[in-house]
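K.L.:
build me a structure from this.
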Amino acid sequence: MPQYTSDTEGDTAPAQALHPVRTGETRFDRATAEFDAPLAVVDLAAFDANAADLVRRARGKPIRVASKSVRCRALLERVLARDGFAGIMSFTLAESLWLARSGFPDVLLAYPSADRAGFAELAADPESAAAVTVMIDDPVQLDLIDAARPAGGSGEEIRVCLELDTSYRLLGGRVRVGARRSPLRAPGQLAALARTVVRRPGFRLVGLMAYEGHVAGVGDEVAGKPVFSRTVRVMQAAARRELARRRWAAVRAVRDIAPRLEFVNGGGTGSVQHTAAEAAVTEVAAGSGLYVPRLFDNFRSFSGRPAALFAQPVVRRPGPGVVTVLGGGYPASGVAGPDRLPVPYLPAGLRYDPQEGPGEVQTPLLGPAADGLRLGDKVWFRHAKAGELCERFSALHLIDGDRVVDTVPTYRGEGHTFL
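P.N.:
The predicted structure follows:
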């Protein structure tokens, strides 16, 4: 039991007079002893082990790194230096151009853009135009690009990728499982847009992408929910079979029009091994599997090591069994719910106060482990999603064992908040 001392008499000491004797520390505490929290770290051994596992699951097909899940140039460089990884999947045009100027030679923009200034820059810069591939799913998007070209419609040839809708449809389409992304679902629709691209001056069709988020990003082994988990597995198995047939037909239809198609991209962290097994797919995408945030604890087919953590300092001790840390209210995107919240990770045995949860400027934490924490100690958290953590911190401290071996800027630390 922790020991307390009190400067007052009586049966109950004021909260501010309680001074616990610390019961232990983690290697993350030792590594960052000279750094004040709030701070964020990446455990390099875990990061590298996760990268190796992604390569194993990709079965020899190259992995394109999803930059939105990393948001740190130094770590993008680290993973791309490994065998089995090739290229970046970016999330905005401005980011794509910045990465191209930074020396990354193969950047696939995963989402359509309406960034006129960015398209003007892309069309005017031969090096960026050679490195960046833009995403389209509508011929009007080609008009947006042409409208941004220099006067007279000149400029560089723009590399184009088409996106196939992957959602799983039931009951004649009345039920949809999967994200609302591309309107292009049938192979004939892809072929029609492919013809438009190849006939249009100033564009070159180089790729096809299909991201099955309902398989890659939805866990199928959720603790305490066996019926839900079995239902997810049945749905995902059926969705994979349907998509494999449709993706194969779509690729054939597009290759009939653009036989020199350079790549067919698919998958994500949770579906790497399944997507890589499809003959039509030439590369897979992954990013979250490098950091392994809490949403990726719920997969039956693989397990990773938490690599990215953040720490908040203990600033109050309201009473026995309670500490308060600074800030910590960093919810992830998506449908609001408990699964979008960070989770207290170390020391084990802490939980949120259900009446407050993680707060904007302070977060009370309950549990026996609170009694072993002193003012100034760090509480370590795992974020719900991967790269969004980097929007909160300007730097990542890279840890090897129990030492910080480097400190590198996030996108935010380099002055960029792309979205």
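
K.L.:
alpha carbons only for contacts and neighbour counts from here, please
P.N.:
Noted.

K.L.:
after the top helix by length along the chain, which helix or strand is next?
P.N.:
Secondary structure of the chain per DSSP state H: the longest helix is helix 226-257. Counting by DSSP states H and E, the element after helix 226-257 in chain order, helix or strand, is strand 263-266.

K.L.:
tell me the centre residue of this protein?
P.N.:
residue 69 (2.6 Å; C-alpha atoms, centre = their mean).

K.L.:
how far away is it from residue 380?
P.N.:
Counting by C-alpha to C-alpha, to the nearest Å, the separation of residue 69 from residue 380 is 20 Å.

K.L.:
for residue 257, see how far away residue 197 is.
P.N.:
For residue 197, the distance to residue 257 (C-alpha to C-alpha) stands at 10 Å.

K.L.:
mind listing the helices for the stretch 51-200 of the chain?
P.N.:
73-80, 93-101, 116-124, 126-131, 139-148, 187-199 (DSSP state H, counting those that start in this stretch).

K.L.:
what's the neighbour count on residue 362?
P.N.:
Residue 362: 20 surrounding residues under other C-alpha atoms under 10 Å.

K.L.:
correct me, but it touches residue 324?
P.N.:
Yes - using C-alpha atoms under 8 Å, residue 362 is in contact with residue 324, at 6.5 Å.

K.L.:
now do the contacts for the residue nearest to residue 400 when sequence neighbours are not counted.
P.N.:
Using C-alpha to C-alpha, 6 or more residues apart in numbering and skipping residues adjacent in sequence, the residue nearest residue 400 is residue 44, 5.8 Å away. Residues near residue 44 by C-alpha atoms under 8 Å, 6 or more residues apart in numbering: 307, 398, 399, 400.

K.L.:
next, format those residues as TSV and append distance to residue 207 and neighbour count.
P.N.:
Below are the contacts of residue 44 laid out as TSV (distance: C-alpha to C-alpha, whole Å; neighbours: other C-alpha atoms under 10 Å):
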residue	distance to residue 207	neighbour count
307	32	24
398	35	23
399	37	22
400	38	17
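
K.L.:
number of residues surrounding residue 291?
P.N.:
For residue 291, the neighbour count with other C-alpha under 10 Å is 29.

K.L.:
what values do phi and psi take at residue 39?
P.N.:
Main-chain torsions, residue 39, degrees, to the nearest 10: phi -160, psi 170.

K.L.:
any idea what it is bridged to?
P.N.:
According to DSSP bridges, the residues that bridge with residue 39 are residue 311.

K.L.:
so what's the residue count around it?
P.N.:
Using other C-alpha under 10 Å, the number of residues around residue 39 comes to 20.

K.L.:
can you check the pLDDT for it?
P.N.:
Residue 39 carries a pLDDT score of 98 in this model.

K.L.:
same deal with residue 35?
P.N.:
On the pLDDT scale, residue 35 is placed at 97.

K.L.:
got phi/psi on it?
P.N.:
Per-residue torsions, residue 35: phi -110, psi 140 (degrees, to the nearest 10).

K.L.:
ok, for residue 69, nearest residue in space, not its chain neighbours?
P.N.:
Residue 69 sits nearest to residue 387 (C-alpha to C-alpha, 6+ apart), 3.8 Å away.

K.L.:
so that neighbour sits right up against residue 73, yeah?
P.N.:
No - under the criterion of C-alpha under 8 Å, residue 387 makes no contact with residue 73, lying 11.9 Å away.

K.L.:
the more surrounded of these two?
P.N.:
Taking neighbours as other C-alpha under 10 Å, residue 387 and residue 73 compare with residue 387 leading, 24 against 17.

K.L.:
how close does that one get to residue 94?
P.N.:
Distance from residue 387 to residue 94, by C-alpha to C-alpha: 17 Å.

K.L.:
what's the answer for residue 123, then?
P.N.:
Separation of residue 123 from residue 94 (C-alpha to C-alpha): 13 Å.

K.L.:
what of residue 84?
P.N.:
27 Å.
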